[in-house]
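>>> Let's see this in three dimensions:
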Amino acid sequence: MKVTEQNFNEMMASGLPVMIDFGATWCGPCKALAPRVEEIAAEYEGKALVGTADVDECPDLAAQFRIRNVPTVLFFKGGEVKDKSVGLVAKETLAEKLDALM
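Just a heads-up that it's a prediction; the model follows:
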(Lines give C-alpha, C1' and ligand atoms only; values in the text may rest on other atoms or scores of the structure.)
Protein backbone atom coordinates (compact mmCIF):
# COMPACT_ATOMS: atom_id res chain seq x y z
CA MET A 1 0.00 0.00 0.00
CA LYS A 2 1.31 3.40 -0.89
CA VAL A 3 1.27 5.67 2.14
CA THR A 4 0.35 9.30 1.62
CA GLU A 5 -0.10 12.15 4.03
CA GLN A 6 -3.82 11.84 3.26
CA ASN A 7 -4.28 8.12 4.09
CA PHE A 8 -1.83 7.91 6.99
CA ASN A 9 -4.43 8.69 9.68
CA GLU A 10 -6.83 6.11 8.20
CA MET A 11 -4.10 3.48 8.50
CA MET A 12 -3.47 4.42 12.12
CA ALA A 13 -7.21 4.24 12.90
CA SER A 14 -7.55 0.73 11.43
CA GLY A 15 -6.88 -1.00 14.76
CA LEU A 16 -4.29 -3.22 13.09
CA PRO A 17 -0.52 -3.11 13.62
CA VAL A 18 1.08 -0.96 10.91
CA MET A 19 4.50 -1.23 9.29
CA ILE A 20 5.64 1.67 7.10
CA ASP A 21 8.81 1.60 5.02
CA PHE A 22 10.12 5.14 4.52
CA GLY A 23 12.35 5.25 1.46
CA ALA A 24 13.13 7.08 -1.77
CA THR A 25 13.34 6.21 -5.45
CA TRP A 26 17.00 7.28 -5.60
CA CYS A 27 18.02 5.03 -2.68
CA GLY A 28 19.76 1.75 -3.59
CA PRO A 29 19.19 0.01 -0.23
CA CYS A 30 15.52 1.08 -0.41
CA LYS A 31 15.16 -0.70 -3.74
CA ALA A 32 16.77 -3.81 -2.26
CA LEU A 33 14.41 -3.74 0.74
CA ALA A 34 11.25 -3.25 -1.36
CA PRO A 35 10.74 -6.94 -2.35
CA ARG A 36 11.05 -7.97 1.31
CA VAL A 37 8.43 -5.42 2.32
CA GLU A 38 6.13 -6.63 -0.48
CA GLU A 39 6.48 -10.23 0.71
CA ILE A 40 5.60 -9.23 4.28
CA ALA A 41 2.60 -7.24 3.00
CA ALA A 42 1.29 -10.37 1.27
CA GLU A 43 1.98 -12.66 4.23
CA TYR A 44 0.34 -10.35 6.79
CA GLU A 45 -2.68 -9.35 4.69
CA GLY A 46 -5.68 -9.04 7.00
CA LYS A 47 -3.47 -9.17 10.11
CA ALA A 48 -1.47 -5.95 9.66
CA LEU A 49 -1.19 -3.00 7.31
CA VAL A 50 2.09 -2.70 5.44
CA GLY A 51 2.91 0.33 3.37
CA THR A 52 5.66 2.36 1.79
CA ALA A 53 6.14 6.11 2.02
CA ASP A 54 8.42 8.05 -0.31
CA VAL A 55 10.13 10.71 1.80
CA ASP A 56 10.22 13.06 -1.18
CA GLU A 57 6.44 12.73 -1.66
CA CYS A 58 5.60 12.80 2.07
CA PRO A 59 8.00 15.35 3.56
CA ASP A 60 5.67 16.24 6.44
CA LEU A 61 5.40 12.60 7.54
CA ALA A 62 9.15 12.16 7.24
CA ALA A 63 9.69 15.27 9.37
CA GLN A 64 7.03 14.25 11.91
CA PHE A 65 8.81 10.95 12.55
CA ARG A 66 12.32 12.41 12.23
CA ILE A 67 13.32 10.19 9.32
CA ARG A 68 16.98 11.04 8.75
CA ASN A 69 18.14 7.91 6.94
CA VAL A 70 16.44 5.73 4.36
CA PRO A 71 15.32 3.07 4.42
CA THR A 72 13.73 3.43 7.85
CA VAL A 73 10.86 1.11 8.76
CA LEU A 74 8.54 2.19 11.56
CA PHE A 75 6.21 -0.17 13.42
CA PHE A 76 3.02 1.28 14.88
CA LYS A 77 0.40 -0.02 17.27
CA GLY A 78 -2.48 2.12 18.45
CA GLY A 79 -1.15 5.00 16.36
CA GLU A 80 2.16 5.11 18.26
CA VAL A 81 5.63 4.13 17.09
CA LYS A 82 6.58 0.97 18.97
CA ASP A 83 9.73 -0.06 17.10
CA LYS A 84 11.92 0.83 14.13
CA SER A 85 14.54 -0.55 11.82
CA VAL A 86 17.11 1.54 9.95
CA GLY A 87 18.98 0.37 6.87
CA LEU A 88 18.78 -2.77 4.78
CA VAL A 89 17.70 -5.62 7.05
CA ALA A 90 16.59 -9.21 6.61
CA LYS A 91 12.94 -10.00 5.99
CA GLU A 92 12.97 -12.10 9.16
CA THR A 93 13.99 -9.07 11.23
CA LEU A 94 11.03 -7.09 9.93
CA ALA A 95 8.67 -10.03 10.50
CA GLU A 96 9.87 -10.45 14.10
CA LYS A 97 9.23 -6.79 14.86
CA LEU A 98 5.77 -6.96 13.31
CA ASP A 99 4.97 -10.22 15.13
CA ALA A 100 5.81 -8.51 18.44
CA LEU A 101 2.88 -6.12 17.82
CA MET A 102 0.32 -8.88 17.28
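
>>> what about the residue positioned nearest the centre of the chain, which helix or strand?
Most central in the chain under C-alpha atoms, centre = their mean is residue 20, positioned 1.3 Å from the mean C-alpha point. Using DSSP states H and E, residue 20 sits in strand 18-23.

>>> cool, and residue 52?
Going by DSSP H and E, residue 52 is in strand 49-54.

>>> Off-centre distance for the helix or strand just after that strand?
Going down the chain from strand 49-54, the next helix or strand is helix 59-64, by DSSP H and E. Averaging C-alpha positions (C-alpha atoms, centre = their mean, to the nearest Å) puts helix 59-64 13 Å from its chain's average.

>>> quick revisit: mind listing what's buried in the helix or strand that the strand holding residue 20 is followed by?
Next helix or strand after strand 18-23 toward the C-terminus (DSSP H and E): helix 28-43. Neighbour-count burial for helix 28-43 flags 30, 33, 36-37, 40-41 (criterion: 16 or more other C-beta atoms under 10 Å). For the C-beta atoms, the positions are set from N, CA and C on the backbone; glycine is no exception.

>>> same check, this time on stretch 88-99
Of all the residues in stretch 88-99, those buried under the rule 16+ other C-beta under 10 Å are 94-95, 97-98.

>>> what would these look like in CSV with pLDDT?
Converted to CSV, the buried residues of stretch 88-99 look like this (pLDDT from 0 to 100):
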residue, pLDDT
94, 97
95, 97
97, 97
98, 97
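
>>> among those, which are in helices?
Mapping the buried residues of stretch 88-99 onto helices (DSSP state H) picks out 94-95, 97-98.

>>> Including distance to residue 16, could those go into TSV?
As requested, those are exported to TSV (distance: C-beta to C-beta, whole Å):
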residue	distance to residue 16
94	16
95	15
97	15
98	10
